[in-house]
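Engineer: Quick one, structure for this:
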Amino acid sequence: MENGCKRLLVFNCHEAWVHQLRLLDYDLDIICGLRGHHAQGWDTHMRPVPARARLIGLEEALTSGERYACIIAHNPTDLMDIRTRTEPRLLMLHLSLGARLVEERSALTAEQARQILHRYVRLSGTHVAAVTLAKGRSWGFPDDIVPPAVEPDEYPPCVGRMVCGLRVSNFILRRKKSLYWTFHEQAFAGLPIRVVGHNPDMPGASPSRDWEHLKDLFRTSRFYIHTADPDLEDGYNIATLEAMATGLPVLSNRHPTSITEHGVSGFLSDDPKELRNYARLLLDDKELALEMGRQARLTVRRRFTPEAFRSNMERAIATARGRRESLARPHQAIAEFSQQSGKTLGEPRSVSPAQRL
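Structural biologist: Below you'll find the model as predicted:
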């Protein structure tokens, strides 16, 4: 590392994901107070601040004399904000291209957006990785995939004490298409379902008090719900992994990237009436829910390990460092692109990827 630097500069757009960086052997400077984020600081409703992290503002990040091993960004606006710094940069894709265009009501076509991002990352020497293969492919970056991690031992096993299901998501009504929300309502309306997250326009929905409270909500529920449009969103997310790590079976529409095995670790159906019947079955039969949940727990223990996340992130950071070091005069290239491009990458941060669960 240059000057022995073992510190990362990280934009905070998604506490649950950024919290995973505690698994790496780096100190963290996390940029908070960003425009478009629902919280001015770090949202402790989702996760505690990582032990080796300090919270800073964008102005401090731009003027600090600290030398970072890598800068981790989450969207094009982050990259534009940090363009004056010289360190290697890694762009993590948390949102599919289609979902970004739909949720931001962008005037760009998918091909235009893809070309703009590809040109910018090439000129700036930015390395791009995605949290899932589907998201990476949508942007044309399928080669470096860093799936999230979950450690089941951090989650107390499910007891299913409450006769209810659970869904964890933020700003649902702004993301209705991606989340198949109409299907969700058709399948589960009238059933006892707890909706947890920042959803100020949804009566009865509220965020957890903190991570421990969130774990308790998982532990006491009977099943977890994840519905998603296969063209816009994956068949699981971090909250799904947390639910499975706790030992909750998952109810979902059929999805090519689902990690739920039908009839084993949950139930899958594109028929809302059928999915509703599965929900009723689990509400009525706690022992069945617990047994399926144990299978779900085994799935995440096998497929989403901290060791794999650590290895994948270290590889992505190393690639970013190599790419930046091989680029001549990145500042000039970025400045020229910013002046000449007829379409800007620096649009306001989308609420959706910033607060994704």
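
Engineer: The nearest residue in space to residue 264 that is not next to it in sequence: neighbouring residues, count only.
Structural biologist: Leaving out its chain neighbours, the residue that sits closest to residue 264 by Cβ to Cβ, 6 or more residues apart in numbering is residue 295, at 5.1 Å. In this view, the C-beta of every residue, glycine as well, is placed from N, C-alpha and C. By the criterion of other Cβ atoms under 10 Å, residue 295 has 17 neighbours.

Engineer: Kindly export stretch 266-279 (C-alpha atoms) in CSV.
Structural biologist: Listed next in CSV are the C-alpha coordinates belonging to stretch 266-279 (Å, rounded to 0.1, in the frame of the first residue of the first chain):
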residue,chain,number,x,y,z
GLY,A,266,-39.7,-21.4,1.6
PHE,A,267,-42.4,-21.2,-1.1
LEU,A,268,-42.4,-19.7,-4.6
SER,A,269,-45.4,-18.9,-6.7
ASP,A,270,-46.5,-16.4,-9.4
ASP,A,271,-50.1,-17.0,-8.3
PRO,A,272,-50.9,-14.6,-5.5
LYS,A,273,-53.8,-16.8,-4.2
GLU,A,274,-51.4,-19.8,-4.0
LEU,A,275,-48.7,-17.7,-2.2
ARG,A,276,-51.4,-16.5,0.2
ASN,A,277,-52.3,-20.1,1.0
TYR,A,278,-48.6,-20.9,1.7
ALA,A,279,-48.5,-17.9,4.1
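
Engineer: Quick one: mean pLDDT over that stretch.
Structural biologist: Stretch 266-279 carries an average pLDDT of 99.

Engineer: got a list of contacts for that stretch?
Structural biologist: Under the criterion Cβ atoms under 8 Å, 6 or more residues apart in numbering, residues 165, 183, 186-188, 191, 223-224, 249-255, 258, 260, 262, 292, 296 lie in contact with stretch 266-279.

Engineer: So which of the residues you listed are in strands?
Structural biologist: 165, 223, 224, 250, 251, 252 (DSSP state E).

Engineer: And the fifth one, how close does it get to residue 279?
Structural biologist: Meaning residue 251. Using Cβ to Cβ, to the nearest Å, residue 251 is found at 6 Å from residue 279.

Engineer: what sits in contact with each of those two?
Structural biologist: In contact with both residue 251 and residue 279: 165, 187, 223, using Cβ under 8 Å, 6+ apart.

Engineer: which one of these has the most neighbours?
Structural biologist: Counting neighbours by other Cβ under 10 Å, the top entry in those is residue 223, with 27 neighbours.

Engineer: List only buried entries from the contacts of stretch 266-279.
Structural biologist: With neighbours counted by 16 or more other Cβ atoms under 10 Å, the contacts of stretch 266-279 contain buried members at 165, 183, 187-188, 223-224, 249-253, 255, 258, 260, 292, 296.

Engineer: Now do residue 206: how many residues are near it, please.
Structural biologist: What residue 206 shows, counting by other Cβ under 10 Å, is a neighbour count of 15.

Engineer: Dig out what the residue nearest to it when sequence neighbours are not counted forms beta bridges with.
Structural biologist: In space, and not counting its chain neighbours, residue 206 is closest to residue 196: 7.0 Å by Cβ to Cβ, 6+ apart. Taking DSSP bridges as the rule, residue 196 bridges to residue 168, residue 206.

Engineer: in terms of contact, does residue 196 touch residue 213 like I think?
Structural biologist: No: between residue 196 and residue 213 there is no contact under Cβ atoms under 8 Å: 9.2 Å.

Engineer: Settle it for me: which of the two has more neighbours?
Structural biologist: A side-by-side neighbour count of residue 196 and residue 213, using other Cβ under 10 Å, places residue 196 first with 22 against 12.

Engineer: What are the neighbouring residues in contact with the more buried one?
Structural biologist: Residues near residue 196 by Cβ under 8 Å, 6+ apart: 166, 167, 168, 205, 206, 207, 208, 214, 217.

Engineer: please redo it, this time with the cut-off set to 7 Å
Structural biologist: 166, 168, 207, 208, 217 (Cβ atoms under 7 Å, 6 or more residues apart in numbering).

Engineer: most surrounded residue in the residues you listed?
Structural biologist: residue 168 (25 neighbours).

Engineer: mind checking how far that residue is from residue 237?
Structural biologist: With the distance defined as Cβ to Cβ, residue 168 ends up 9 Å from residue 237.

Engineer: do the same with residue 314
Structural biologist: 23 Å.

Engineer: Neighbours of residue 42, how many?
Structural biologist: Neighbourhood size, residue 42 [other Cβ under 10 Å]: 21.

Engineer: quick one: it and residue 32 touch, right?
Structural biologist: Yes: using Cβ atoms under 7 Å, residue 42 is in contact with residue 32, at 5.6 Å.

Engineer: Find the residues that touch each one of these two.
Structural biologist: Shared contacts of residue 42 and residue 32 (Cβ under 7 Å, 6+ apart): 12, 55.

Engineer: can you list contacts of the strand or helix carrying residue 287?
Structural biologist: Using DSSP states H and E, residue 287 maps to helix 286-303. With Cβ under 7 Å, 6+ apart as the test, helix 286-303 has contacts from 150, 152, 158, 160, 222-223, 241, 244-245, 247-250, 259, 264-266, 281-282.

Engineer: gap between the two ends of stretch 18-38?
Structural biologist: 16 Å (Cα to Cα, to the nearest Å).

Engineer: Please state the mean pLDDT value computed over that stretch.
Structural biologist: For stretch 18-38, the per-residue pLDDT averages 92.

Engineer: Give the buried residues for that stretch.
Structural biologist: 18-22, 24, 26-32, 34, 36-37.
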